[in-house]
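Asker: sequence and computational prediction follow.
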Amino acid sequence: MEPHNPPPRPRQPEGCLTVAIRVPLRIVVLVLVVPVRVVWDALVVTGRLVRDTVLRPLGRALLWVGKALFVWPFVGLWRCVLVPVGKGLARLGAVLVVVPAVWLHRYVLTPVGHAIAWLARGVGAGLDRVYAHVLRPIGHALTWLLKGVGAVLAAAGIGVYRAVARLVRYLLVVPARWLYDWVLAPVGRAVAWCVRGLGWLLGMIATGIGLALYWTLRVLFALPALALWRWVLTPVGRLLAVVAREAGDALGHAWRIAGRISRAVGRALGTVFRWIFVEPVRWVFRTILIPVGHAVRDAVLRPVAQGARVVGRTVREALAGARETVRQARADFRRMLLGEPRQPVAVDRREPQGPAARTLGSSTTALTKD
């Protein structure tokens, strides 16, 4: 399935000002960008060469050194020391802690817990009986007594509450309501009407002042600023936008053309360097140095190597003969001073037959028996 490409945007018609700005701007930018692009390509090639020949091997060496100094010792310590020690400690902890704890839980704590639970169930049954036959009747009696006392106190409290409510109503509520209806409400309405009138007057004055300030600021600042924006800044901004857009396009176009020029210059310089330096060196190496080297190898080095091998073999044989002569002289001198060495007696190591065979019931054997 082919990728969906958006349709090309329709090209807008351009004016003569845009064309007049574009051509000289592209020429100037191209002249300025070509040296920069050449220097940039040279730096890129140098950086890649340094990365491939220096930084990457140095990084690999540092990585290997880091592994040798930091990773491998810790890995060896972990595998050869910590893991065996941890396994030993785990096994020792299981033997010294886990097994005694399991034994203690199974044979001590569990029987003690069962005994305590049985005792608690017995105590609970006794408490249930005490509650059912002693505490519950006493509670019912106290409840009945408190209900009677509460009924008496409630009747007395209702009478007192009604008397206090009548006194509060006729001494406080009725005078306060009369004061609110015939004094405070009329005075409050009059004050509210005065405040509303004063607010309307202040609002009219503020509206007039605001209109005057609005038209003053509009005439003095807004209309000149609008005219400046509409008739000066907008055309200048559009012109600067066109110049900036064309400068960006020219810079991109010049950068691409400079790249091609830089690539062509680099290839030309590489070709010149190859034909001036590399090809003569290769021709000299192939046509002169290799035949001369082969001739030197066949005429000088191989005979010299064969002669050296013959001389080495002769020297080794001479040294071997000298060592053998020295060994014989040393043996003769020892024989002259100490005499002939005693010859070892041959011993029959086979199993004896008959009565002299190995015995299993005695402490001696046939080999150690006199």
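Answerer: Perfect, I can see it now. A quick note: this is a predicted structure, and the numbers were derived from the prediction, not measured.
Asker: chain center to the helix or strand harbouring F273: distance?
Answerer: Under the criterion of DSSP states H and E, F273 resides in helix 234-273. In terms of CA atoms, centre = their mean, to the nearest Å, the centre of helix 234-273 is found 41 Å from the chain centre.
Asker: over to stretch 148-160?
Answerer: Distance of stretch 148-160 from its chain centroid, counting by CA atoms, centre = their mean, is 78 Å.
Asker: so for it, what's the average pLDDT?
Answerer: For stretch 148-160, mean pLDDT is 78.
Asker: next one: stretch 53-63
Answerer: Computed over stretch 53-63, the mean pLDDT rounds to 91.
Asker: picking up where we left off before, show me what the helix holding F273 is packed against.
Answerer: With contacts taken as 3 or more CB pairs under 8 Å, 6 or more residues apart in numbering; DSSP states H and E, helix 234-273 sits against helix 16-50. Using the backbone N, CA and C atoms, a C-beta is placed for each residue, glycine as well.
Asker: downstream of the helix it packs on, the next helix or strand is which one?
Answerer: Assignment by DSSP H and E places the next element after helix 16-50 at helix 56-66.
Asker: put the alpha carbons of that next one into CSV.
Answerer: Once non-C-alpha atoms are left out, helix 56-66 reads as follows in CSV (Å, rounded to 0.1, in the frame of the first residue of the first chain):
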residue,chain,number,x,y,z
ARG,A,56,35.9,4.7,18.9
PRO,A,57,39.1,2.5,19.7
LEU,A,58,39.8,4.7,22.7
GLY,A,59,36.2,4.2,23.9
ARG,A,60,36.5,0.5,23.4
ALA,A,61,39.8,0.4,25.3
LEU,A,62,38.3,2.5,28.1
LEU,A,63,35.3,0.2,28.2
TRP,A,64,37.5,-2.9,28.4
VAL,A,65,39.6,-1.2,31.2
GLY,A,66,36.4,-0.2,33.0
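Asker: state the next helix or strand along the chain beyond that helix.
Answerer: Remark: after helix 56-66, the chain's next helix or strand is helix 72-77, criterion DSSP H and E.
Asker: and the angle from the helix or strand of the chain with the lowest mean pLDDT to helix 56-66?
Answerer: Between all helices and strands in the chain, the lowest mean by mean pLDDT, DSSP states H and E belongs to helix 16-50, at a mean of 75. Taking axes from the mean of the first three to the mean of the last three CA atoms, to 10 degrees, one finds that helix 16-50 is oriented at 50 degrees with respect to helix 56-66.
Asker: just to revisit the earlier point, run the angle between the helix holding F273 and helix 16-50 for me.
Answerer: Direction vectors for helix 234-273 and helix 16-50, defined by the same axes, to 10 degrees, enclose an angle of 40 degrees.
Asker: in helix 234-273, what's buried?
Answerer: Neighbour-count burial for helix 234-273 flags 242, 246-247, 250-251, 254-255, 257-259, 261-262 (criterion: 16 or more other CB atoms under 10 Å).
Asker: how about the helices of the stretch 151-300 of the chain, start to end?
Answerer: Assigned by DSSP state H, counting those that start in this stretch, the helices in the stretch 151-300 of the chain fall at 174-179, 185-217, 223-228, 234-273, 279-284, 290-296.
Asker: the ones you listed: which one's closest to R313?
Answerer: R313 sits nearest to helix 290-296 of all the helices of the stretch 151-300 of the chain, at 24.4 Å, using CB to CB.
Asker: how far does the helix or strand hosting A125 sit from the chain's center?
Answerer: For A125, the enclosing helix or strand under DSSP H and E is helix 110-130. Relative to its parent chain, helix 110-130 has a centroid offset of 59 Å by CA atoms, centre = their mean.
Asker: pLDDT on it, on average?
Answerer: pLDDT averaged over helix 110-130 gives 86.
Asker: how about low-confidence regions in the stretch 251-370 of the chain?
Answerer: Along the stretch 251-370 of the chain, the parts satisfying pLDDT under 70 run over 338-370.
Asker: try 80 this time
Answerer: 251, 253-254, 258, 333-370 (pLDDT under 80).
Asker: in a markdown table: the helices of the stretch 151-300 of the chain, plus distance to A329.
Answerer: What follows is the helices of the stretch 151-300 of the chain, written out as a markdown table (distance: least, CB to CB, whole Å):
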| stretch | distance to A329 |
| --- | --- |
| helix 174-179 | 150 |
| helix 185-217 | 131 |
| helix 223-228 | 124 |
| helix 234-273 | 72 |
| helix 279-284 | 61 |
| helix 290-296 | 47 |
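Asker: which one of the ones you listed lies closest to G66?
Answerer: When the helices of the stretch 151-300 of the chain are compared by CB to CB, helix 234-273 sits nearest G66, at 37.5 Å.
Asker: and the gap between R330 and L319?
Answerer: For R330, the distance to L319 (CB to CB, to the nearest Å) stands at 16 Å.
Asker: then L58?
Answerer: From L58 across to L319, the span is 49 Å (CB to CB).
Asker: cool, and G259?
Answerer: 72 Å.
Asker: for D332, same thing?
Answerer: On the measure of CB to CB, D332 and L319 end up 20 Å apart.
Asker: for L96, same thing?
Answerer: Distance, L96 to L319, by CB to CB: 69 Å.
Asker: and A247, by the same measure?
Answerer: Counting by CB to CB, the gap from A247 to L319 is 88 Å.
Asker: in stretch 112-128, which residues are buried?
Answerer: Buried residues in stretch 112-128 (16+ other CB under 10 Å): none.
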